[in-house]
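Enquirer: no sequence for this one, just the structure:
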């Protein structure tokens, strides 16, 4: 492409990006709303009707399933948000906080399904925790018959979600804190006699919250409609609504698809209701918060807060990491009876038998992730550069658009997308799967790259221009190399997001595209902990490698450039 | 045809309030100083002259260089060099690569470009520093490299935005002398904006306030 | 311009024979010729690693023998494949579909047959069809009472068995009522996969067969029977059993193989299976303790055949038939029956096989936890699929959606 053609195309980048994000959502929604109101010609639905809704209302588990979705979402989000705030407030600027920051990348690289599988093995009655204390402390020679996994209140599910969402919200909060003079604000308040954590909550949180609000909403929407984690940790009598919708979609009784479509639309309504409830909670919290600030309370019980939040951080991190270690051990286990804390024998058999298939799937997974991330990165950079050169800066509304694919439940619109993919003959191809992944990868890449890209010192560009460099040369020779670290971090985030995708891979790939994640979930229905361990580990290793490269490559490239080393 | 840098009726306003109003001609080898307190909009004048007006400001007026009207040209086509208070060396490049970045592509061949860079370093008393990491240089050394980088791009004029304000007193004197001597040696028209009377005096040229009125640096 | 149009014409010309490649199953040489070089996307449940290995082996063998590549598309639920074919039809993709072969039976077969989503008839034209004895084994021609009519080819026999850990259970209960007594004495130590999991629903049917006074109505569509009266004993039974099930019936194992882990961990002592060789194979794979043994119920257990079918819009119809035919060969069937690989009973009429093929079966060493064929007892035919649907629905309402 000539420079001039590129210059003409660049202003269109934001519009193209929005189309890439919203097109699939809108098409997918149409593909699910129509059957929800009776229109599905292939199944003989050629008249609009409310019958699917009547069928949905007739399902006896509906109220429980809805309650589960809503309670799980609100509880998981509130706990994750609360823990994030307390951890930041009590520990920011300490050595421990640095350690927490360093743990974030490995934690974020663990896909949801792998984290849930690890947690499941930890907390099950026959799990590692029970084994560690049996029989010497508990007297259990056999696992107790207690309901932990799949409890009807969804507590395990909430725990699994919290363990994964706290790192995500922490990362978002850290990014937001980077734009605020945190140290000065807190110090000023401390000199006026405020406790450190109280100072943070009163002076920093009100400025951080507006910036992490959309990520919080994304967590809320995700938790309300999550499928893979719910399959592993959630209750089944009945399951949360999103899981139930997928069950109906997969039922051999094809007429259930109408009910499924109505359920999928209801799922969207539930997500919106959760968002509304959260919004109302924000109002109340703001009012209470203002009163609290006016009251001038200096904060008491801060040591307790510090211990509690520290424990919360340690617990959620170790739940994921120790759980994974347990699964790793399972992948090498021979027979491993309860209550042995370690397997009787170790064996490489699982790895030997599955190694070939594992490598092949890892290749496919990595290929899809890299392609989807490359496309996303290209579009995001084009958008940001268009903003720079042509002043096309998205308003807050446009930022909302970015979140649409993260807030509209996958269970709702990806189903409709499948029909579209099949209609265009692209279903089952790698290209279609890559495109579907890009819809979910792009927002995350944008979110992680936009701030560092905009925060770049524009005078560098001006100096380069005054030295005779054109906009392309400035971008490629100055701006992108200086932003190598955030660009690679954004790419690693994109890869992690892509690797974790289950539903889009399965539905758009028509089952033909087999990734580590689809394989792990398919195998998890078989309950063989050795295989689950193997795939959960591989599923984690890939994004982890991405994050490791995002740290190692800039360090190697810039080993002789002190100003380019990571601060701290 | 007039030589030097001309600003004719250059006015800059923010929401209707005039900040800058300057008409001046700077002949080659002369340094025009615009003095004013911080926040008086001096830097926006330089942004306008270099061809990167800030969108929030309402700016108008003609800028000519060597008699050529620069309106409509972007910063990369104006041939005006820019020096900031921070040296703004590219942190990912070596000292030599920073200098080579400024070197016009008309100087071809690896050997010739290396020679030009080496010569510039020598001029700045930094011979042999080509492979160094800019972050390992002292403030004064970095300021000199920044100036040499700008000069290597063969500008026809130079704009200096509080170039010495980040340097400590002892260093400031040396860097200032080096900068001003070099400008005069090369016969470049230059505009300096500063709030420091010492800078204005050392520049040795006319001194005006943001509204173009001559003033005495005291 | 001219060149691009001629290119488009050439592309059409190339595409045409591929689209029109539906072959005549009766002309086997033509089938073999068309199959060579094709890739068969075989959609089959992927939750059992040993079975996955078997499919890989079969794929390697047909690649060697006939030049047909097999890609195993692993499903967590066979119904996904039905949905896919349906989506393709609703999108108008009546050719070059993404699925060439599906492992299915019962409900899924009934749904696909009813919606005209299957290619065929073809199964009875397979050369290896001659190795079967459909007269002696009616499960081969009636899939859950739905006539097969050559729309699918059998590849496995399945029969309900139970396995138990003999280290913890001395004498396993061998009737449905005895199972309740045992579970009441050992609460939490028996469970079954949650319906509508295939195996869970099968347990409900097995229980119904063991409790109903007259099983006759079960072999006709459910609408023709007095459903309430026929199933009343089942629900009375389940009301008593559920509170003493594993996790008091508030959570269930999510699949058949998931019970391995529960037995190995000592969470449950008795589990249900559809594969008489499963326990031996799982012991060999470290998944079950060596003390596990298999048993069947007095009065017989449910048995059926598993089939492979070809969607109406398959891309590699010929290749799929070649694979199905290979699966019926003595070589493939003997490997399947060997507990070292799978331990699944054969569909072939072993007694009538040629000497050499019969020897393959006679060499097989049954595992420690596998019953000899004569110990498996009577096979009860599957009820009409409409019963399964209705019972699943009813169970879900009564036990699967929380306290009403």
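Expert: Thanks, I have it. Keep in mind it's a predicted model, so treat the numbers as computed, not measured.

Enquirer: Give me the three-state assignment for the residue nearest the centre of chain C.
Expert: What sits nearest the mean C-alpha location of chain C, by CA atoms, centre = their mean, is residue C:306, with 4.2 Å. Secondary structure state of residue C:306, per DSSP: H, G, I helix; E, B strand; the rest coil, is strand.

Enquirer: is it in a bridge, and if so with what?
Expert: Listed beta-bridge partners, residue C:306: residue C:156 (assigned using DSSP bridges).

Enquirer: remind me, longest helix of chain B?
Expert: Counting residues, the longest helix in chain B under DSSP state H turns out to be helix B:169-186.

Enquirer: could you give the mean pLDDT of it?
Expert: Averaged across helix B:169-186, the pLDDT comes to 89.

Enquirer: Over to stretch A:231-249?
Expert: The pLDDT scores in stretch A:231-249 average 88.

Enquirer: ok, now stretch C:45-59?
Expert: Stretch C:45-59 carries an average pLDDT of 87.

Enquirer: Read off the pLDDT value for the most centrally placed residue in chain B.
Expert: Residue closest to the mean C-alpha point of chain B, counted by CA atoms, centre = their mean, is residue B:159 at 2.8 Å. The confidence metric pLDDT takes the value 94 at residue B:159.

Enquirer: Look up how far chain A lies from it.
Expert: When distance is defined by CB to the nearest CB, to the nearest Å, residue B:159 is 8 Å away from chain A. C-beta here means a position set from N, CA and C on the backbone, and glycine is covered the same way.

Enquirer: tell me the contacts of the residue nearest to the centre of chain C?
Expert: For residue C:306, the contact set (CB atoms under 8 Å, 6 or more residues apart in numbering or on different chains) comprises C:103-105, C:154-158.

Enquirer: If we use 7 Å, what do you get?
Expert: Residue C:306 makes contacts with C:103, C:105, C:154-156, C:158, as judged by CB atoms under 7 Å, 6 or more residues apart in numbering or on different chains.

Enquirer: How about residue C:383?
Expert: Contact analysis of residue C:383 by CB under 7 Å, 6+ apart lists C:205, C:218-219.

Enquirer: repeat for residue C:191
Expert: Contacts for residue C:191 were tallied using CB under 7 Å, 6+ apart; they are C:245-246, C:252-253, C:262, C:268.

Enquirer: Just the pLDDT at it, thanks.
Expert: At residue C:191, the predicted lDDT confidence score is 95.

Enquirer: Per-residue pLDDT of the nearest residue to it once chain neighbours are set aside, please?
Expert: Nearest non-adjacent residue to residue C:191, counting by CB to CB, 6 or more residues apart in numbering or on different chains: residue C:246, 3.3 Å away. You'll see residue C:246 listed with a pLDDT of 95.

Enquirer: Determine the number of other residues adjacent to residue C:246.
Expert: 24 (other CB atoms under 10 Å in any protein chain shown).

Enquirer: same question, the one 3 residues further on
Expert: By the other CB under 10 Å criterion, the neighbourhood of residue C:249 contains 17 residues.

Enquirer: tell me the contacts of the residue of the stretch 201-350 of chain C found nearest chain A?
Expert: In the stretch 201-350 of chain C, the residue that lies nearest chain A is residue C:258 (2.9 Å; CB to the nearest CB). Listed by CB under 7 Å, 6+ apart, the contact partners of residue C:258 are A:526-527.

Enquirer: Equivalent analysis for residue C:288, please.
Expert: Counting by CB under 7 Å, 6+ apart, residue C:288 makes contact with C:260, C:263-264, C:279, C:282.

Enquirer: so it, which of the three states?
Expert: What three-state DSSP gives for residue C:288 is coil.

Enquirer: contacts for stretch B:172-190?
Expert: Outside stretch B:172-190, the residues within contact range by CB under 7 Å, 6+ apart are B:4-5, B:26-31, B:140, B:143-144, B:147, B:151, B:155, B:157-158, B:160, B:163-164, B:167, B:199, B:202-203.

Enquirer: I'd say residue A:177 and residue A:205 touch.
Expert: No: assessed by CB atoms under 7 Å, residue A:177 is found out of contact with residue A:205, at 10.0 Å.

Enquirer: ok, those two, which is more surrounded?
Expert: Legend: neighbour count by other CB under 10 Å for residue A:177 and residue A:205, higher for residue A:177 (19 against 15).

Enquirer: before we move on, which element is the nearest residue to that one once chain neighbours are set aside in?
Expert: Leaving aside its chain neighbours, residue A:177 sits nearest to residue A:208 (6.1 Å; criterion: CB to CB, 6+ apart). Taking DSSP states H and E as the definition, one finds residue A:208 inside helix A:205-225.

Enquirer: cool, residue B:151 as well?
Expert: helix B:139-152.

Enquirer: tell me which strands and helices the helix or strand following that helix is in contact with?
Expert: Downstream of helix B:139-152, the next assigned helix or strand under DSSP H and E is strand B:157-161. For strand B:157-161, the packing partners by 3 or more CB pairs under 7 Å, 6 or more residues apart in numbering or on different chains; DSSP states H and E come out as helix B:42-50, strand B:80-83, strand B:190-194.

Enquirer: Save the ones you listed as a markdown table, and put in mean pLDDT, mean neighbour count and distance to residue C:165 too.
Expert: A markdown table is the format used below for the helices and strands packed on strand B:157-161 (pLDDT from 0 to 100; neighbours: other CB atoms under 10 Å in any protein chain shown; distance: least, CB to CB, whole Å):
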| stretch | mean pLDDT | mean neighbour count | distance to residue C:165 |
| --- | --- | --- | --- |
| helix B:42-50 | 89 | 23 | 82 |
| strand B:80-83 | 91 | 28 | 82 |
| strand B:190-194 | 93 | 26 | 88 |
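
Enquirer: Now distance to residue A:156 too, for those, in a markdown table please.
Expert: Below are those laid out as a markdown table (distance: least, CB to CB, whole Å):
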| stretch | distance to residue A:156 |
| --- | --- |
| helix B:42-50 | 59 |
| strand B:80-83 | 61 |
| strand B:190-194 | 65 |
